[in-house]
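>>> A structural model of the following input is requested.
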Amino acid sequence: MAAEGGTPKQLTFAQKFTGFPSWSPDGRWLAFQMKQGDEMQIMLMPSEGGIQEQLTFERGDHWPFSWSPDGDKIAFAGSRNGVWNLYWVSRAGKTERQLTGNTKLNTILRAPDWSPLGNQIVYERVELTGNINLLHLK
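Numbers count the residues shown, from 1 in each chain. The predicted model follows:
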């Protein structure tokens, strides 16, 4: 819907989870996540609605976050085989590149955001730790 208000326009009509949209820099495209079977894949569609195209095909969960300044690449967090890393997928050529080399199951890399010049990506890194404690009951 327009920023000034008005009636919202539905863009997707699938009867499965669809969310986390991200605008292309020129406003013509939306990258988003859609449940395909047991996995979340990255999809692309015109921002006015229309045909949806799947961009990722590897097994796992994929969360789109931001676009490169030239509008060709979409940075995303991907969990493949239980390990989170950052990637980009090209809208034009549909090529994909892994950007990080995380191998730890307890580390999550997410929310990659391209710098305005396109030469850096900032992201969140979370390390999960746990302890086992004993509680004596009386």
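>>> where does the protein dip in pLDDT?
93 (pLDDT under 70).
>>> one more time with 90, if that's ok
Across the chain, the ranges flagged by pLDDT under 90 are 1-20, 36-37, 48, 91-94, 129-134, 136, 138.
>>> now the strands for it?
Ranges of strands in the chain, per DSSP state E, are 18-23, 29-36, 39-46, 53-54, 61-67, 73-80, 83-90, 96-98, 107-114, 121-127.
>>> need these in CSV with distance to Asn133 and mean neighbour count, can you?
Yep, even glycine has a C-beta here, placed from its N, CA and C like the rest. CSV is the format used below for those (distance: least, CB to CB, whole Å; neighbours: other CB atoms under 10 Å):
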stretch, distance to Asn133, mean neighbour count
strand 18-23, 36, 15
strand 29-36, 36, 19
strand 39-46, 34, 20
strand 53-54, 45, 12
strand 61-67, 31, 22
strand 73-80, 28, 23
strand 83-90, 27, 20
strand 96-98, 37, 14
strand 107-114, 23, 18
strand 121-127, 19, 13
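>>> would you turn those strands into a markdown table with distance to His136?
Compiled in a markdown table, the strands of the chain are given as follows (distance: least, CB to CB, whole Å):
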| stretch | distance to His136 |
| --- | --- |
| strand 18-23 | 45 |
| strand 29-36 | 45 |
| strand 39-46 | 43 |
| strand 53-54 | 54 |
| strand 61-67 | 40 |
| strand 73-80 | 38 |
| strand 83-90 | 37 |
| strand 96-98 | 48 |
| strand 107-114 | 33 |
| strand 121-127 | 30 |
